[in-house]
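In: build me a structure from this.
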Amino acid sequence: MTNSTSFAGIQNLSAALADLVAGVAPSIVAIRSDCSRSSGFVWRPGLIVTADEALTEENKFIVTLPGGNTVTAQPVGRDPTTDIALLRIEADVRPLSLAGSTVTTGALVVAVGAEDDTSSAAFGVVSRASGPWRSLRGGEIDARIELDLRLRQCAEGSLVLNAGGNAIGMAVFGPRRRVLVIPATTIERVASKLAAHGRIPRGYLGLGLQPVVIEGGEGPGAMVMSVDPQGPGALAGLHQGDILLAWNGDPIRHVQALLRALGPDSVGQTVTLRLRRAGDTQQVPITIVERPAA
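Out: Okay, here's the model as predicted:
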């Protein structure tokens, strides 16, 4: 009797997971180019969200729709800092609703992707759930969610569902192939900007910087190696050879940390740089502008 009851519970769980996959499969697509394979999902009519790092730098991709038909896709916009890319297709595929659900450690999840014209699925648990964080490229991610599951290479960009069937985000590969989730709230925020503007604005100082060790125990800093003559640094009067010491009063300990501070919200802000020039210390205000198109 006990064994029969246990098997029935497992069968019920199995059937429930299969139903979750089947429920979203009509909105999951496979994406390929000559050198890449990934998954994605229809976020808005004609618009697909996928993992940016899974895509090559090509401008045309082939999307396999549920049912096996293929269409070409054109990039609308890409944001490497949050690993979100938006593609456009000319096809009538049902979009999905994302849910900003609370995610807890230990919760069951399933990642649903696609390989050619077949759905793929990976079952696991949330191994870590914590607050907002900033990616190594400076992207603002609304929650740190790590998964304990095995994700196929072509499944990067999969939709992640919780046990209630809510779409909580997109599965991507982090450092050391750890599976992370880009949360639904981050996707909604970034994809909306990509759809409207084709890009995510980034801050720009117009300075080439290099870390430097400062004598006298004042700590590390950043030396100005080059100045864009049309950039905000030149407008603020910065010179090659200046050593930046602090940003709005906070010591500049790493050049990378300074660059990460130049996120979308920094554009238009005026900050105060404390710098050393020819042995003298100065306070210089500088207004951050949007990074020019490459």
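In: can you pull the contacts of the nearest residue to residue 108 once chain neighbours are set aside?
Out: Sequence neighbours aside, residue 163 is the residue nearest to residue 108 in space, at 4.7 Å (criterion: C-beta to C-beta, 6 or more residues apart in numbering). (Each C-beta comes from the backbone N, C-alpha and C, glycine too.) Residues in contact with residue 163 (C-beta atoms under 8 Å, 6 or more residues apart in numbering) are 16, 107-109.
In: could you redo the last one with a cut-off of 10 Å?
Out: Contact partners of residue 163, counting by C-beta atoms under 10 Å, 6 or more residues apart in numbering, are 13, 16-17, 20, 107-110.
In: where does residue 190 land in three-state SS?
Out: helix (DSSP: H, G, I helix; E, B strand; the rest coil).
In: I misspoke; the intended subject was residue 24.
Out: Following three-state DSSP, we place residue 24 in the helix state.
In: roughly how far does it sit from residue 113?
Out: Look at residue 24 and residue 113: by C-beta to C-beta, to the nearest Å, they are 10 Å apart.
In: so which of the two has more stuff around it?
Out: Neighbours per residue (other C-beta atoms under 10 Å) separate residue 24 from residue 113, with residue 113 holding more: 30 against 21.
In: thinking again about what came up before, can you list residues touching both of residue 24 and residue 113?
Out: Going by C-beta under 10 Å, 6+ apart, residues that sit against residue 24 and also against residue 113 are 41, 119, 121, 159.
In: just list whatever residues bridge to the second one.
Out: In this entry, residue 119 is beta-bridged to residue 114, by DSSP bridges.
In: check contacts around it.
Out: Contacts of residue 119 by C-beta under 10 Å, 6+ apart are 21-22, 24-26, 28, 30, 39, 66, 112-113, 158.
In: tell me the confidence at it?
Out: pLDDT recorded at residue 119 is 94.
In: ok so, going back, please report phi then psi for the residue nearest to residue 108.
Out: Per-residue torsions, residue 163: phi -70, psi -20 (degrees, to the nearest 10).
In: just give the closest residue to residue 208, not the sequence neighbours.
Out: residue 226 (3.5 Å).
In: so which residue is dead centre in the chain?
Out: In the chain, the residue lying closest to the centroid (C-alpha atoms, centre = their mean) is residue 82, at 1.7 Å.
In: so that one sits against residue 202, correct?
Out: No: using C-beta atoms under 10 Å, residue 82 makes no contact with residue 202, being 11.6 Å away.
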